[in-house]
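In: whatever this is, show me its structure:
(one chain, ligands or ions: 1)
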Amino acid sequence: MNAIKALVTGGASGIGRAAAELLLERGASVAVLDRDVSGAPAGALALQADVTDDAAVRSAVARAAEELGGLDVLVNNAGVGAQGDVAANDDAEWQRVFDVNVFGLVRVARAALPHLRESSSAAIVNTCSIAATAGLPNRALYSATKGAVYSLTLAMAADHVAEGIRVNCVTPGTADTPWVQRLLDAAGDPEAERAALEARQPMGRLVSAREVAEAIVYLASPGASSTTGTALAVDGGMQGLRLRR
Ligand SMILES: NC(=O)c1ccc[n+]([C@@H]2O[C@H](COP(=O)([O-])OP(=O)(O)OC[C@H]3O[C@@H](n4cnc5c(N)ncnc54)[C@H](O)[C@@H]3O)[C@@H](O)[C@H]2O)c1
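Out: Coordinates of the predicted model:
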């Protein structure tokens, strides 16, 4: 993967950090765009920017392309969570979460496309979620944003296939990241909450950030050159299996 130049949003924690690390291990040049770059992996170019700020995104993407000498891969991974049913959050919260999870992805993709068009093996990988394809309780707002990410993945794949830019997404189940740890810490009984999340996935455990990173890096790599407009589940069997208890 020597030639690959990759930009990973939300690359300073959890799944994004694992993807940035794996890309680096495979020989890629990597830039990380994050609102807090303190956890960016060593060896990556760390670019502090909030995906809700269009000017900051444009300047960070331009800097990534300049310092790396172009862009082949964009991993749109930055995201935030939200809890509750459809009535649980006010308009401001709906706008805030869409601003990060959906419009943020749009802003980064918009800025990156001119650079990706110059690449001979361009790929965008979006971090979607099982919440886009299965009904999870108390995740109405979050699921709506990830449904949008799924649809955008398909639409972008169609728009850019003729330009040689592949667009795919991963749909992780519950993954063991700082995000999920924060949710567990906030639960009344963190151990019981963790056990319930583990039991929901047929493999009986949470997905690791590294496992999601492996799928992201595969979809980003020239080895996936005939794959576009797909969602790769990394969910311990949660989407596809129906086991007897
Ligand atoms: N952890 C899970 O169970 C799980 C499951 C399915 C999908 N996902 C998705 O994976 C992605 C990463 O989640 P994670 O679990 O690694 O979370 P995380 O909180 O560990 O990492 C998210 C990163 O995104 C960055 N970020 C958040 N808002 C930002 C903004 N406005 N601008 C720039 N950077 C911003 C954070 O600073 C952080 O570094 C998210 O899109 C999430 O929806 C996570």
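In: outline the domain layout of this protein.
Out: Domains of the chain are assigned by automatic domain parsing as 5-172+209-234, 174-206.
In: can you get me the start-to-end distance on the longest one?
Out: So the one you mean is domain 5-172+209-234. With CA to CA, to the nearest Å as the measure, domain 5-172+209-234 spans 24 Å from end to end.
In: quick check, distance from it to the centre of its chain.
Out: 4 Å (CA atoms, centre = their mean, to the nearest Å).
In: could you find the closest non-adjacent residue to residue 80?
Out: Spatial nearest neighbour of residue 80, chain neighbours left out: residue 100 (4.9 Å); criterion: CB to CB, 6 or more residues apart in numbering. Yep, even glycine has a C-beta here, placed from its N, CA and C like the rest.
In: tell me how many other residues surround that neighbour.
Out: 20 (other CB atoms under 10 Å).
In: OK, contacts around it?
Out: Applying CB atoms under 8 Å, 6 or more residues apart in numbering to residue 100 gives the contacts 51, 52, 78, 79, 80.
In: quick one: low-confidence ranges for the chain?
Out: Low-confidence segments of the chain, defined by pLDDT under 70: 1-2.
In: deepest of the domains of the chain, which one?
Out: domain 5-172+209-234 (a mean of 20; mean count of other CB atoms under 10 Å).
In: tell me if the lengthiest strand in the chain is near the ligand.
Out: When the chain is scanned for its longest strand (criterion: DSSP state E), the result is strand 165-172. Yes. Remark: strand 165-172 sits within contact range of the ligand at residue 172, by CB under 6 Å from any ligand atom.
In: ok, then the element right after that strand?
Out: Following strand 165-172 in sequence order, the next helix or strand is strand 175-176 (DSSP states H and E).
In: might you enumerate the residues of the protein proximal to the ligand?
Out: 10, 12-16, 34-36, 50-52, 77-80, 100, 104, 127, 129, 172, 174-175, 177-180.
In: looking at those, which are in strands?
Out: The strands, defined by DSSP E, take in 34, 127, 172, 175 from these.
In: state the pair within those residues that is farthest apart.
Out: Spatial extent of these (CB to CB) is set by the pair 34 and 172 at 18.4 Å.
In: got a list of contacts for the lengthiest helix in the chain?
Out: As assigned by DSSP state H, the longest helix anywhere in the chain is helix 140-160. Helix 140-160 is contacted by residues 76, 79, 81-86, 88-89, 93-94, 97-98, 101-102, 105-106, 109, 113, 116, 124, 126-129, 131-133, 135-136, 166-169, 171, 228-229, 231 when judged by CB under 8 Å, 6+ apart.
In: count of residues packed around residue 242?
Out: So residue 242, with other CB under 10 Å, has 6 neighbours.
In: check which helix or strand covers it.
Out: Counting by DSSP H and E, there is no helix or strand that carries residue 242.
In: distance of it relative to residue 201?
Out: The gap separating residue 242 from residue 201 is 13 Å, by CB to CB, to the nearest Å.
In: quick one: the longest helix of the chain to strand 165-172, angle?
Out: Put simply, helix 140-160 runs at 160 degrees to strand 165-172, going by axes from the mean of the first three to the mean of the last three CA atoms, to 10 degrees.
In: render the CA-only coordinates of helix 140-160 in PDB, please.
Out: What follows is helix 140-160, C-alpha atoms only, in PDB (Å, rounded to 0.1, in the frame of the first residue of the first chain):
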ATOM      1  CA  ALA A 140     -34.300   7.200  16.500                       C
ATOM      2  CA  LEU A 141     -32.200  10.300  15.800                       C
ATOM      3  CA  TYR A 142     -28.900   8.400  15.500                       C
ATOM      4  CA  SER A 143     -30.500   5.800  13.300                       C
ATOM      5  CA  ALA A 144     -31.900   8.500  11.000                       C
ATOM      6  CA  THR A 145     -28.500   9.900  10.500                       C
ATOM      7  CA  LYS A 146     -27.000   6.500   9.700                       C
ATOM      8  CA  GLY A 147     -29.800   5.800   7.300                       C
ATOM      9  CA  ALA A 148     -28.800   8.900   5.500                       C
ATOM     10  CA  VAL A 149     -25.200   7.800   5.500                       C
ATOM     11  CA  TYR A 150     -26.300   4.500   3.900                       C
ATOM     12  CA  SER A 151     -28.300   6.200   1.200                       C
ATOM     13  CA  LEU A 152     -25.600   8.700   0.500                       C
ATOM     14  CA  THR A 153     -23.100   5.800   0.100                       C
ATOM     15  CA  LEU A 154     -25.300   4.400  -2.700                       C
ATOM     16  CA  ALA A 155     -26.000   7.800  -4.300                       C
ATOM     17  CA  MET A 156     -22.300   8.800  -4.200                       C
ATOM     18  CA  ALA A 157     -21.200   5.500  -5.600                       C
ATOM     19  CA  ALA A 158     -23.600   6.000  -8.600                       C
ATOM     20  CA  ASP A 159     -22.500   9.600  -9.100                       C
ATOM     21  CA  HIS A 160     -18.800   8.900  -9.100                       C
END
